[in-house]
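Peer 1: from the sequence below, what's the structure:
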Amino acid sequence: MTEQRAPDSRLAAARYAADRVAGAEEDDPVDRGQATLDERSMAVEVAIQQAQRRGDFDGLPGAGKPLQDLGGVHDEHWWIRRKIERENLTGLGPPALTLRTEDARLGDRLDALSSEAQVREALEDFNRRVREARRQLLGGPPVVTRPRDVDAEVAAWRRRAGERRVAREQALTEERAREAAALAAMPWRERRRAKRAKRG
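Peer 2: Numbering: from 1, shown residues only. Just a heads-up that it's a prediction; the model follows:
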């Protein structure tokens, strides 16, 4: 059973005053506009203070953050910019900018590929797009991204793949050593049970 709170006396007084002003509107049409506005603003202020005390405004999205776009220049394409930011869309914009971002992330993208043929294909596609953008047929800012040397990038990819393989093997060896040490520390019955469970 939820406990009902007693109404705030200030809110009750503000409502009473607003009702009184509403009832007196017919009697004094000259003062009713100003009095109604004052009484309503007081009632609203009291309601806001009560909501703050109850914590109704706590945890709202954007709390403690500055309001966006205050004092900025009017941007007629604001909704496009917000959608791009909200949905984290990539690949939009002039080629000079998209290629620069792709160039910065190209190493991680290549490391996710599993074969040398896929790496070569991705590099050749990237170089083709860089050459097309450097021709400036579509206009836009100048392209400062350089094509990649395919053979050097493939050799670097091979080296990084070898380092990752060695790191995986070393981690696996360490994990087996920890399991063996934990098994050796067990009493012989539990050790036998653990070996049976591992085989099964």
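Peer 1: can you give me the strands in this structure?
Peer 2: Remark: no strands are assigned in the chain by DSSP state E.
Peer 1: domain ranges for it?
Peer 2: With domains defined by automatic domain parsing, the chain comprises 9-54, 91-199.
Peer 1: quick check: mean pLDDT of the shortest one?
Peer 2: Spelled out, it's domain 9-54. Across domain 9-54, pLDDT averages out at 74.
Peer 1: quick one: end-to-end length of it, please.
Peer 2: Using CA to CA, to the nearest Å, one end of domain 9-54 lies 15 Å from the other.
Peer 1: show me where pLDDT drops low in this structure?
Peer 2: 1-7, 21-35, 69-71, 91-92, 138, 200 (pLDDT under 70).
Peer 1: tell me where it has helices.
Peer 2: Counting by DSSP state H, the chain has helices at residues 9-23, 32-54, 78-87, 95-111, 116-134, 150-184, 188-199.
Peer 1: packing partners for the longest one?
Peer 2: So the one you mean is helix 150-184. helix 95-111, helix 116-134, helix 188-199 (3 or more CB pairs under 8 Å, 6 or more residues apart in numbering; DSSP states H and E). All C-beta spots, glycine's among them, are computed from the backbone N, C-alpha and C.
Peer 1: and residue 122, how many residues sit next to it?
Peer 2: With neighbours defined by other CB atoms under 10 Å, the count for residue 122 comes to 19.
Peer 1: how close does it sit to residue 59?
Peer 2: Distance, residue 122 to residue 59, by CB to CB, to the nearest Å: 45 Å.
Peer 1: same check, this time on residue 98
Peer 2: 38 Å.
Peer 1: more neighbours: the two, which one.
Peer 2: residue 98 (16 against 7).
Peer 1: distance of the more buried one from residue 74?
Peer 2: Relative to residue 74, and taking CB to CB, residue 98 is found at 26 Å.
Peer 1: distance check, residue 50 against residue 14.
Peer 2: With CB to CB as the criterion, residue 50 and residue 14 are 11 Å apart.
Peer 1: over to residue 117?
Peer 2: The gap separating residue 117 from residue 14 is 76 Å, by CB to CB.
Peer 1: comparing those two, which residue is more hemmed in?
Peer 2: residue 14 (20 against 10).
Peer 1: neighbours around the residue nearest to that one when sequence neighbours are not counted, how many?
Peer 2: Nearest residue to residue 14 in three dimensions, chain neighbours excluded: residue 43, at 3.9 Å (CB to CB, 6 or more residues apart in numbering). By other CB under 10 Å, the residues close to residue 43 number 18.
Peer 1: contacting residues around residue 43?
Peer 2: Going by CB atoms under 8 Å, 6 or more residues apart in numbering, residue 43 touches 11, 14-15, 17-18.
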